[in-house]
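Visitor: Requesting a structural model of the entry that follows:
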Amino acid sequence: MMLPRSVLDLVGCTPLLRLGWLERGLPNVEIYGKCEWRNPGGSVKDRAARQMILDAEAEGRLKPGMALIDSTSGNTGVAYSMLGAARGYRVVLVMPENVSDARKKITRAYGAELVFSSPMEGSDGAIRLVRRIVEESPDEYFYPDQYSNDSNPRAHYLTTAPEIWAQSGERITHFLAGIGTSGTIMGTGRRLKELARAAGRAVEIIAIEPEDALHGLEGLKHMASSIVPAIYHPEELDRVMPMSTDEAWDVAELLAEKAGLAVGHSSGAAAAGALRVGKELAARGAGGVIVCVLPDSVARYLAPGKWERTTAW
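Guide: Prediction:
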């Protein structure tokens, strides 16, 4: 057995946890959550950031001495900061000013430099600002552009999907994930469909998106009112499920209270979608094995204490 030599080697292989509380009253339905907060950076975004960095290094687009810059609503920024520190890169993050204090403090703890965009423009404002910065100094930065980079979904094609397929005993029937950059749903869904077809079966791929432009599901995008990521291909999805902020928050709170899982609201959205699918199956007397992605934990949304070198007594 080879021991990990870098934090990059710790990314992936997260647990698949049965969410028994959500299954109550739904005969022949199994619901599972992919626990992505178990990645070293605390979220599903570790996978995409790792793949984008490694692929860029292999192709010569990211070289020693270059700074990595990208827009982020937080989780990818934490992943860039952590992995950039491990690889020796300066990291510059452009994010909406109203992202959680936890994400700002964690990225700074890794040594990242933060540039803030308008809180009123959300993730799209950060995208527009990072593009202007890169246009002004193109030779200074490596700009992975997580919204357009094929290495983003490729990370999930190579790792997340095979893990879920094996962990579910090759029985998965439905897969759900929220849409942010869309990398998770596109890459995982693409590979799961291939694996299922090879086994003579089918997997339904369902994307969760906020039901309107003004929502409280940090990290998720309402596509009709947003800059659509180049890696997003809705024709490959079986359906897109609109999700209200209240429903997602309610399920996130219930997961904490009933299952001891303190997860973020994007996780609540995915779990709420899985519960809906379970009810649909039960209503027509069908069974299924439903897997949803739980991108991060509630810790990402809590205000942490100040990082102090010394403590006053």
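Visitor: can you tell me the distance between the two ends of stretch 277-295?
Guide: Stretch 277-295 has its terminal residues 19 Å apart, counting by CA to CA, to the nearest Å.
Visitor: what does stretch 129-145 contact?
Guide: 52-53, 56, 61-63, 66-71, 89, 92, 94, 115, 117, 151 (CB atoms under 8 Å, 6 or more residues apart in numbering). For glycine as for every other residue, the C-beta is placed from the backbone atoms N, C-alpha and C.
Visitor: and if we set it to 6 Å?
Guide: Met52, Leu62, Met66, Ala67, Leu68, Ile69, Asp70, Ser71, Val94, Ser117 (CB atoms under 6 Å, 6 or more residues apart in numbering).
Visitor: now do stretch 21-38
Guide: Under the criterion CB under 6 Å, 6+ apart, residues 14-19, 43-44, 258-259, 274-275, 278, 281-282, 287-297 lie in contact with stretch 21-38.
Visitor: before we move on, back to that, between the contacts of stretch 129-145, which is closest to Ser266?
Guide: Ser266 has its nearest neighbour among the contacts of stretch 129-145 in Ser71, at 17.4 Å by CB to CB.
Visitor: Which element, helix or strand, includes the residue lying closest to that closest one once chain neighbours are set aside?
Guide: Among residues not flanking Ser71 along the chain, Ala126 sits closest, at 3.7 Å (CB to CB, 6 or more residues apart in numbering). Assigned by DSSP states H and E, Ala126 belongs to helix 122-136.
Visitor: and that helix, which residues are buried?
Guide: Buried residues in helix 122-136, counting neighbours by 16 or more other CB atoms under 10 Å, are found at Gly122, Ser123, Asp124, Gly125, Ala126, Ile127, Leu129, Val130, Ile133, Val134.
Visitor: ok, now stretch 136-153?
Guide: Buried positions in stretch 136-153, judged by neighbour count with 16+ other CB under 10 Å: Tyr141, Phe142, Tyr143, Pro144, Asp145, Gln146, Tyr147, Asn149, Asp150, Ser151, Asn152, Pro153.
Visitor: Just give me the closest of those residues to Ile164.
Guide: Pro153 (14.7 Å).
Visitor: Spatially nearest residue to the closest one, not counting backbone neighbours?
Guide: Using CB to CB, 6+ apart and skipping the chain neighbours, the partner closest in space to Pro153 is Gly187 (3.1 Å).
Visitor: And Asp296, by the same measure?
Guide: Ser43 is the one closest to Asp296 (CB to CB, 6+ apart), at 4.1 Å.
Visitor: how close does the one you found get to Val228?
Guide: To Val228, Ser43 is 22 Å away according to CB to CB, to the nearest Å.
Visitor: helices and strands of this protein: which one bottoms out on pLDDT?
Guide: One helix or strand of the chain scores below all others by mean pLDDT, DSSP states H and E: helix 101-109, with a mean of 88.
Visitor: Which stretches in the stretch 1-150 of the chain count as helices?
Guide: Per DSSP state H, counting those that start in this stretch, the stretch 1-150 of the chain carries helices over the ranges 20-23, 45-58, 75-87, 101-109, 122-136.
Visitor: And the ones you listed: which comes nearest Leu3?
Guide: Leu3 lies closest, by CB to CB, to one member of the helices of the stretch 1-150 of the chain: helix 75-87, at 15.7 Å.
Visitor: angle of that closest one against helix 122-136?
Guide: 40 degrees (axes from the mean of the first three to the mean of the last three CA atoms, to 10 degrees).
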